[in-house]
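Novice: show me how the following folds:
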Amino acid sequence: MPDLQEWMRWQPTRSRRGPLASLMVTPARATVGIGALISIVAGVMPWAQGTVPGRAGFEPVFFSGLGGAGDGVVLILLALGTAFVTLHHTPASSRVRLLHALPYVLIALAAITCLNGYRAALAEIAAWERRGGTGQVAAGLYLAGLGVLTMAAGAIALLPALIHWETVHDDPADLMTVSRRGLAEVILGTIGVLPGGALGIQAAIWLTPVPVIGLIALGAVFGGLLGAYAGSWLAGRMADELARRRTSPGA
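Specialist: This next block holds a predicted model:
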């Protein structure tokens, strides 16, 4: 495994200091990061707004990216993934070509998500109009499109390096081994997704008096990720403790 980690450059660089030490910031990568930030903000903003008849006359209504099918949640997750793979020093400097191609897949999925969000916003506006109200696409959806376009612009600037990729003779799969510790981390991490996701859902329900589907999905995703990390961390600690007892005198 140390050889594989060195080949992939997945070890932290201890000599780097400062708040941006873990980031690889170039104009193109910074553009992707800015686009991701715009998309994240847009994901929680209203994507459509209007008015509908109510008890006290016409009342304002809005359709959020967190509502409906939760397209705003999907957009936030895709933007976070794109920013991490593009900006973080570890994947950005890796010799694994797939990691450098991954942002293009995520950006394409983000664009599809924006289109789905646009269709959902139009459907919501049509429902308001059938009730005698009015509606229009809100700034959040336009901002989401701007964020995706900004990410795409930065990724296009990085495309020549991916096209002219310099291959090497060795294959990382030849260096990969499966250890009992790694298997335990995967198993406990997978098990931790369930309680973590359940706690995340409960936290999302507690935040709002009326359940919001997108917010619940966001809580489930982040809760599941935290649960997976906790399970993997626990497995690692248990493996370290067992190894310490085996190597300690008198064990």
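Novice: hey, let's count contacts and neighbours off CA atoms from now on
Specialist: OK.
Novice: which residues of the stretch 151-251 of the chain score low on pLDDT?
Specialist: Along the stretch 151-251 of the chain, segments meeting pLDDT under 70 span 166-178, 210-214, 249-251.
Novice: show me where it has its helices.
Specialist: According to DSSP state H, counting those that start in this stretch, the stretch 151-251 of the chain carries its helices in the segments 172-175, 180-207, 213-247.
Novice: looking at those, which is closest to residue 47?
Specialist: Residue 47 sits nearest to helix 213-247 of all these, at 13.2 Å, using CA to CA.
Novice: which parts of that closest one are buried?
Specialist: 213-232, 234-236, 239 (16 or more other CA atoms under 10 Å).
Novice: report all helices and strands that it contacts.
Specialist: helix 71-87, helix 180-207 (3 or more CA pairs under 8 Å, 6 or more residues apart in numbering; DSSP states H and E).
Novice: what residues does the first one touch?
Specialist: Here helix 71-87 makes contact (CA atoms under 8 Å, 6 or more residues apart in numbering) with 23-25, 29-30, 32-33, 36-37, 39-40, 42-44, 64-66, 91-92, 99-100, 102-103, 106-107, 109-110, 113-114, 116-117, 214-215, 217-218.
Novice: from those residues, which ones fall inside strands?
Specialist: In this view, the contacts of helix 71-87 that belong to strands under DSSP state E are residue 64.
Novice: give me the buried entries from the contacts of helix 71-87.
Specialist: 23-25, 29-30, 32-33, 36-37, 39-40, 42-44, 64-66, 91-92, 100, 103, 106-107, 109-110, 113-114, 117, 214-215, 217-218.
Novice: just to revisit the earlier point, wait, which of the helices and strands packed on helix 213-247 is closest to residue 164?
Specialist: Residue 164 sits nearest to helix 71-87 of all the helices and strands packed on helix 213-247, at 17.6 Å, using CA to CA.
Novice: and that closest one with helix 213-247, angle?
Specialist: Taking axes from the mean of the first three to the mean of the last three CA atoms, to 10 degrees, one finds helix 71-87 and helix 213-247 inclined to each other by 40 degrees.
Novice: distance-wise, check residue 51 relative to residue 129.
Specialist: Shown here: residue 51 relative to residue 129, a distance of 9 Å by CA to CA, to the nearest Å.
Novice: anything in contact with each of the two?
Specialist: Residues touching both residue 51 and residue 129 (CA under 8 Å, 6+ apart): residue 135.
Novice: thanks a lot, see you next time.
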